[in-house]
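[1] Would you be able to build a 3D model of this:
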Amino acid sequence: MKKIIYTMIVLFTITACQGTTDKKKTEVQVAETPDQDEWISLFDGETFNGWHLYNGADISEEWQIIDGAMVFDPEGVRTYGNGGKNIVSNEEFTNFQLSIEWNISEAGNSGIFWGVQEGEEFGEPYLTGPEIQVLDNERHPDAQANPKFHQAGALYDIVQPTYDVCNPAGEWNHVLLTIDHNANKGSVELNGTEIVTFPVNGPEWEALIAKSKFGNTEAYNYTHAPKFGQFKTGKIGLQDHGDRVAYRNIKIRKL
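    Residues are numbered from 1 along each chain as shown. Sure, this is the predicted structure:
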């Protein structure tokens, strides 16, 4: 009798765990966050108040608000590399947690920046601001490379994710980005799972940059970005990479 009861308990536990795993693949998993009063909304769901075109003013017509989300829709016109329509927050941040949801189109590519600087010497946000990759892992070729420095959730070209917990194109994903210069630690949670950790300043951070396309022009044949990742304080940015992408529920908590 004891053996029968024990077997039933084991089977129930395995079934419950499998159900949890399957659910994780199909739903946006949002980690518990601190007191809601500590969070500052960066998007009201109705206007682009608090945002502007990178190195510009008014938001371009490719950006729209649809069903409570910021949607970039290039309408088949690839703008990336031709004076891209990236947008950035009006306010700058240093130590923070950023909570944001994204939804990428099939074979789409975009990104979330922090520490972004504006000015005549910088033509694109990626020249100063590190990026958390937004990608269709199932269809975009960047996700197939190994190491997976360009997979969804990666610290782009610097640190690869430890897990692929990305929901498919057309579904929402949740990112919780933590940047803490006092503790010299950054982290990325995707759909409730921590997948990336990294230093944010000092020799270890500099070494990571040196091995990436932003610091090693010979290895990547890429435009050198001497001020990439050098600013502790900067703006949050959302990337125009020529593909349709949507962002919503954007909020930030200062640490």
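[2] And the helices in the protein?
    Ranges of helices in the chain, per DSSP state H, are 2-26, 202-210, 217-220.
[3] residues of the second one that come out buried?
    So that's helix 202-210. Within helix 202-210, the residues that qualify as buried are 205, 208, 209, counting by 16 or more other C-beta atoms under 10 Å. Heads up, the C-betas are built off the backbone N, CA and C, glycines and all.
[4] Worst mean pLDDT among the helices of the chain?
    Within these, confidence is poorest for helix 2-26, with a mean of 37 (mean pLDDT).
[5] mind checking pLDDT for the residue nearest to residue 249 when sequence neighbours are not counted?
    Nearest-residue entry for residue 249: residue 101, 4.8 Å, with adjacent residues in sequence omitted and distances by C-beta to C-beta, 6 or more residues apart in numbering. At residue 101, the pLDDT value in this model is 98.
[6] same question, the one 5 residues further on
    The per-residue pLDDT reported for residue 106 equals 97.
[7] cool, residue 84 as well?
    Residue-level confidence at residue 84 comes out at 78, pLDDT.
[8] again, but for the one 3 residues further on
    Predicted confidence (pLDDT) for residue 87: 98.
[9] List the contacts of it.
    Counting by C-beta atoms under 8 Å, 6 or more residues apart in numbering, residue 87 touches 48, 51, 52, 53, 54, 59, 63, 70, 237, 238, 240.
[10] Next, find the distance separating it from residue 162.
    To residue 162, residue 87 is 30 Å away according to C-beta to C-beta, to the nearest Å.
[11] and if you look at residue 183?
    When C-beta to C-beta is applied, the distance between residue 183 and residue 162 equals 20 Å.
[12] quick one: residue 63 and residue 70 touch, right?
    Yes - if you go by C-beta atoms under 8 Å, residue 63 and residue 70 touch, sitting 6.4 Å apart.
[13] Common neighbours of those two, please.
    48, 87.
[14] burial count for residue 200?
    22 (other C-beta atoms under 10 Å).
[15] count of residues packed around the closest residue to residue 231 other than its chain neighbours?
    Of all residues beyond its chain neighbours, the one nearest residue 231 is residue 115 (4.8 Å), with distances taken as C-beta to C-beta, 6+ apart. When neighbours are defined as other C-beta under 10 Å, residue 115 has 23 of them.
[16] Just to check, residue 115 is in contact with residue 125?
    No - with contact defined as C-beta under 8 Å, residue 115 does not count as touching residue 125 (9.4 Å).
[17] In the protein, what helix or strand scores lowest on average pLDDT?
    Counting by mean pLDDT, DSSP states H and E, the chain has its least confident helix or strand at helix 2-26, which shows a mean of 37.
[18] Give me the below-cutoff pLDDT ranges for this protein.
    1-37, 76-83, 216-223 (pLDDT under 70).
[19] Please repeat the previous calculation with a cut-off of 50.
    Scanning the chain for pLDDT under 50 picks out the ranges 1-26, 33-34, 79-83.
[20] Now do the strands in it.
    For the chain, the strands identified by DSSP state E occupy 40-41, 51-53, 63-66, 69-72, 87-93, 96-104, 109-116, 131-135, 173-180, 185-190, 193-198, 234-238, 245-254, in order along the chain.
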